[in-house]
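Undergrad: Build me a model:
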Amino acid sequence: MTDAARRRSTPPSLLANLLSSPDMRASIDRTSLLPFYHQLKQILIADIQRPGVQPGDRLPSDHELCRIYDVSRTVVRQALSELETAGLIDRIKGRGTFVAQPKTAEGLVQSLTGLYEDVAARGGRLVSQVLRCEVVPADDAVAAGLHIDVGAPVLFLERIRFVDGQPWVLTATHIPHELAPGLEFEDFTEQSLYALLEGKYGIELRRGRRGVEASAAGAALARQLGIPRGAPVLVLRSISVGEADRPVEMFVAYHRGDRSRFEVELTRTRAPATAPLMLVLPQ
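TA: The predicted model follows:
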């Protein structure tokens, strides 16, 4: 059953039954120094993670939670707001509150990995539907990004990538053809592009630059990813560099906003006292 169908169903979910059963649910400790909203949030997290609770399961309404736990609506709203921010629930106006689909995390900086490695590291399965895999002439933007001549042959690889059977992201990748001749004949259904470049072609990826921005899905992209037109997507643009600072790969990826998140590791360093403050504006 799809998430949408589950949300339209009226019978109480396992989660709702758990929360409404005095024998199964935890209670607010009114002697604790912890705020009520924090206690309620922790209770709901524990229940969401119970075996048998599925994405799309409906939570009791705000009014029901107030009654079940004998707390104010302000407490309930604060707890649910923090759960929504954490990506554990979806609150849909006029429909209710539901257990969210787990989101696949990707490393945005610090380590140069692909989606294949990110998903595999978390025990998931990634399968790709290849839409195009062919050698084409580089246009102005691709030539500038890969530091090659306009019209030079590049491999163009376009894929819809499925994580555990669900469409997650549409990617469009360009690679200079001279670096990996014959790459267009490979089967990318269940194969890592980065592993292939490194293992078969001896191309070592040294570093990269990635940027992410928010956008809305157009009609074609929405059909490909199985989302409503206008739904939020995260657009990731990347250039990977190999030896001698030569660009090896350039891609743009359109991630479903309801299924993906990006994790960023930050390190604080002390800048020199005379270092200028720089503001980078979008071009």
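Undergrad: Would you map the helices across the stretch 151-283 of the chain?
TA: 193-199, 219-225 (DSSP state H, counting those that start in this stretch).
Undergrad: who wins for proximity to Arg210 among those?
TA: Counting by CB to CB, Arg210 lies closest to helix 193-199 out of the helices of the stretch 151-283 of the chain; the figure is 13.8 Å. For glycine as for every other residue, the C-beta is placed from the backbone atoms N, C-alpha and C.
Undergrad: tell me which strands and helices the closest one is in contact with?
TA: helix 115-121, strand 247-256 (3 or more CB pairs under 8 Å, 6 or more residues apart in numbering; DSSP states H and E).
Undergrad: Now the weakest link among those, please, by mean pLDDT.
TA: Mean pLDDT values for the helices and strands packed on helix 193-199 show the minimum at helix 115-121, a mean of 59.
Undergrad: Give me the next element, helix or strand, following it.
TA: strand 126-137 (DSSP states H and E).
Undergrad: Go ahead and produce CSV holding the CA coordinates of that following strand.
TA: Output in CSV follows, covering the C-alpha atoms of strand 126-137 (Å, rounded to 0.1, in the frame of the first residue of the first chain):
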residue,chain,number,x,y,z
LEU,A,126,20.5,0.9,-4.6
VAL,A,127,19.3,0.1,-8.1
SER,A,128,19.4,2.4,-11.1
GLN,A,129,17.2,2.7,-14.1
VAL,A,130,19.4,4.0,-16.9
LEU,A,131,17.6,6.5,-19.1
ARG,A,132,20.5,7.5,-21.3
CYS,A,133,24.1,6.3,-21.5
GLU,A,134,25.8,7.7,-24.6
VAL,A,135,28.7,9.8,-25.9
VAL,A,136,27.7,13.3,-26.8
PRO,A,137,29.5,16.6,-27.6
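Undergrad: Let me see the mean pLDDT of stretch 145-155.
TA: Stretch 145-155 carries an average pLDDT of 93.
Undergrad: What are the buried residues along that stretch?
TA: 145-146, 148, 154-155 (16 or more other CB atoms under 10 Å).
Undergrad: send the alpha carbons of the helix or strand that contains Val76 over as PDB?
TA: Using DSSP H and E, Val76 maps to helix 73-85. Extracted C-alpha coordinates of helix 73-85, given in PDB (Å, rounded to 0.1, in the frame of the first residue of the first chain):
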ATOM      1  CA  ARG A  73      -1.900  21.700  23.500                       C
ATOM      2  CA  THR A  74       1.200  23.900  23.700                       C
ATOM      3  CA  VAL A  75       3.100  20.900  25.100                       C
ATOM      4  CA  VAL A  76       1.800  18.700  22.300                       C
ATOM      5  CA  ARG A  77       2.600  21.200  19.500                       C
ATOM      6  CA  GLN A  78       6.100  21.800  20.800                       C
ATOM      7  CA  ALA A  79       6.800  18.000  20.900                       C
ATOM      8  CA  LEU A  80       5.400  17.400  17.400                       C
ATOM      9  CA  SER A  81       7.200  20.500  16.000                       C
ATOM     10  CA  GLU A  82      10.600  19.100  17.100                       C
ATOM     11  CA  LEU A  83       9.700  15.600  15.800                       C
ATOM     12  CA  GLU A  84       8.800  17.200  12.400                       C
ATOM     13  CA  THR A  85      12.100  19.100  12.400                       C
END
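Undergrad: In terms of secondary structure, what does the helix or strand just after it contact?
TA: Using DSSP H and E, the helix or strand that follows helix 73-85 in sequence is strand 89-92. Using 3+ CB pairs under 8 Å, 6+ apart, the elements in contact with strand 89-92 are helix 73-85, strand 96-99.
Undergrad: what residues does strand 89-92 touch?
TA: 7, 44, 48, 59, 80, 83-84, 97-100, 258 (CB atoms under 8 Å, 6 or more residues apart in numbering).
Undergrad: What count of nearby residues applies to the nearest residue to Leu196 once chain neighbours are set aside?
TA: The spatially closest residue to Leu196, leaving aside those adjacent along the chain, is Glu186, at 6.3 Å (CB to CB, 6 or more residues apart in numbering). By other CB atoms under 10 Å, 16 other residues sit near Glu186.
Undergrad: Also the one 10 residues further on?
TA: The criterion is other CB under 10 Å. On that basis, Leu196 has 15 neighbouring residues.
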